[in-house]
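[1] with the sequence up front, the predicted model follows.
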Amino acid sequence: MSTQHGDPGHGDSPAAWTAVVVMLLGIAAGTVFFFLHMATMVWICAGIVVVGLLLGWVLAKAGFGVNGPRYASKSHD
């Protein structure tokens, strides 16, 4: 396994983690509702996925992204 130094990050920030967790929950719940034949809930879960995407964007703009002023990078040495 190689380690790369000086890597700008691949979304390892509070904004990215929040967006991914919300979207994964929406997808998981949507999958369950799909198999239960609950179309309305599937569409609500699709909306939750979109909300997760928007939440990540808003948090990144608020400074919680990789290069944001409120993000403190942790060293992996």
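    Thanks, I have it.
[2] tell me the contacts of the residue lying closest to residue 65 once chain neighbours are set aside?
    Nearest residue to residue 65, sequence neighbours excluded (CB to CB, 6 or more residues apart in numbering): residue 15, at 4.8 Å. From N, CA and C alone the C-beta is placed, and that goes for glycine too. For residue 15, the contacting residues are 56, 57, 59, 60, 62, 64, 65, 68, 71, by CB atoms under 8 Å, 6 or more residues apart in numbering.
[3] where does residue 15 sit: helix, strand or coil?
    Assigned by DSSP: H, G, I helix; E, B strand; the rest coil, the conformation of residue 15 is helix.
[4] now residue 27. Nearest residue, chain neighbours left out?
    The shortest distance from residue 27 to any non-neighbouring residue, by CB to CB, 6+ apart, is to residue 49 (6.2 Å).
[5] CA atoms only: put whichever strand or helix holds that neighbour into CSV for me.
    Assigned by DSSP states H and E, residue 49 belongs to helix 39-59. The C-alpha coordinates for helix 39-59 follow below in CSV (Å, rounded to 0.1, in the frame of the first residue of the first chain):
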residue,chain,number,x,y,z
ALA,A,39,-43.8,4.0,-3.6
THR,A,40,-44.5,7.2,-1.7
MET,A,41,-41.8,6.4,0.8
VAL,A,42,-39.3,5.5,-1.9
TRP,A,43,-39.8,9.0,-3.4
ILE,A,44,-39.5,10.6,0.0
CYS,A,45,-36.2,8.8,0.5
ALA,A,46,-35.1,10.0,-2.9
GLY,A,47,-35.7,13.5,-1.6
ILE,A,48,-33.6,12.7,1.4
VAL,A,49,-30.7,11.8,-0.9
VAL,A,50,-31.1,15.2,-2.6
VAL,A,51,-31.2,16.9,0.9
GLY,A,52,-28.0,15.1,1.8
LEU,A,53,-26.3,16.4,-1.3
LEU,A,54,-27.5,20.0,-0.6
LEU,A,55,-26.5,19.7,3.1
GLY,A,56,-22.9,18.7,2.1
TRP,A,57,-22.8,21.7,-0.3
VAL,A,58,-24.1,24.1,2.4
LEU,A,59,-21.7,22.8,5.0
